[in-house]
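Visitor: Quick one, what's the 3D model for this:
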Amino acid sequence: MNSILPHLLSAAIYAVLGIYFWKRYWVELAAEPASTSGHVIEHVALLIPFSLHSVVLFNALGTDGALHLGVGEAISLIIWLTVFIYGLGSLYYRLEGLQALVMPAAGVAVLLPLWLPAAHGLANTQTPIFKAHLIIAMLAYSLFTIASLHVVLMALIERRLHNGTLPLALSRMPPLLTLEKLLFRIIGAGFILLSLTIFSGIVFSEELFGKAAQFNHKTIFGFLSWLIFAALLAGRKRYGWRGRTAVRWTLMGFSTLVLAYIGSKFVLEVLLHR
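Guide: Here you go, the predicted model:
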């Protein structure tokens, strides 16, 4: 499975599904309700590229018995988890319009381990605290990725409402207020995981190096993103923040979080070749 073919095949299917979902739910105007069988077929179709993505991703992560988690593998893993969480969430919530945003991201992510492979395996990957830290961190990133795509979806819906057109996605999704409540549930869960990530990172550093996390740009951006999401949740509870305010703060927090981890890995591995 080291061939480039599974990567390309998975990316191509993701791309085709992305185009299908965009035309199906955002280009077509509201029509008759879709049959249940149609939704089942869509979920089954999603399993094909997701399964291929799973194989090539875990093959890339586990090369030579070591954990290889470079920029490409990290982004691919985060988006893989995003697709997985979305798939589970779509069983309980009507989120048909979100596939058109998730699929293109997944199509690019599955190719990134080929373009930006890890130069070497990570050290200390066998310690329980590191495994827990890594799992929690990746889940936190995935939830905030979904939250960011979710606010983009809400912004698109709001724009379509103002334009007076009713795409299929809009006609079948819950009201904006319901989507907003779901957004803050996702952000709340992501914030808890982000808090655990920061805490476990400090513990991990203490256990291996005898000192707390180093004061560097990764730590600074990590705490800054935590503060942004904390302020967003506090503003929501105290002042009822919603709409464009929620969109701006969510995207700002997510961008800062990306700079904290993915940005630092990109600079070190790609630009500085460390």
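
Visitor: outside of stretch 226-238, which residues touch it?
Guide: With contact meaning CB atoms under 8 Å, 6 or more residues apart in numbering, stretch 226-238 is reached by 144, 184, 187-188, 190-191, 194-195, 198, 241-242, 245-246, 249-250, 252-253, 256. Placement of C-beta: from N, CA and C, glycine included.

Visitor: any idea of the mean pLDDT in it?
Guide: Taken as a whole, stretch 226-238 has an average pLDDT of 96.

Visitor: what's the answer for stretch 201-220, then?
Guide: pLDDT averaged over stretch 201-220 gives 69.

Visitor: ditto for stretch 48-61
Guide: 91.

Visitor: Please identify the buried residues of it?
Guide: Neighbour counts over stretch 48-61 (16 or more other CB atoms under 10 Å) mark 49-50, 52-54, 56-57, 60-61 as buried.

Visitor: want to try CSV for these, with secondary structure and distance to residue 89 as columns?
Guide: Formatted as CSV, these follow (DSSP: H, G, I helix; E, B strand; the rest coil; distance: CB to CB, whole Å):
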residue, secondary structure, distance to residue 89
49, helix, 18
50, helix, 14
52, helix, 21
53, helix, 18
54, helix, 18
56, helix, 24
57, helix, 20
60, helix, 26
61, helix, 24
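
Visitor: Low-confidence stretches in this structure?
Guide: 1-2, 28-38, 63-66, 118-125, 164-172, 206-215, 263-274 (pLDDT under 70).

Visitor: Which elements pack onto the strand or helix carrying residue 244?
Guide: In this assignment (DSSP states H and E), residue 244 forms part of helix 243-258. Under the contact criterion of 3 or more CB pairs under 8 Å, 6 or more residues apart in numbering; DSSP states H and E, helix 243-258 touches helix 128-163, helix 176-209, helix 217-239.

Visitor: I'd like to know which of the ones you listed is closest to residue 88.
Guide: Among these, the nearest to residue 88 by CB to CB is helix 128-163 (10.8 Å).

Visitor: The closest one vs helix 176-209, what angle?
Guide: Put simply, helix 128-163 runs at 160 degrees to helix 176-209, going by axes from the mean of the first three to the mean of the last three CA atoms, to 10 degrees.

Visitor: what angle separates helix 128-163 from helix 243-258?
Guide: 150 degrees.

Visitor: chain center to helix 128-163, what's the gap?
Guide: Averaging C-alpha positions (CA atoms, centre = their mean, to the nearest Å) puts helix 128-163 5 Å from its chain's average.

Visitor: list the buried ones in it?
Guide: Buried residues in helix 128-163 (16+ other CB under 10 Å): 129-130, 133-134, 136-151, 153-154, 156-157, 160.
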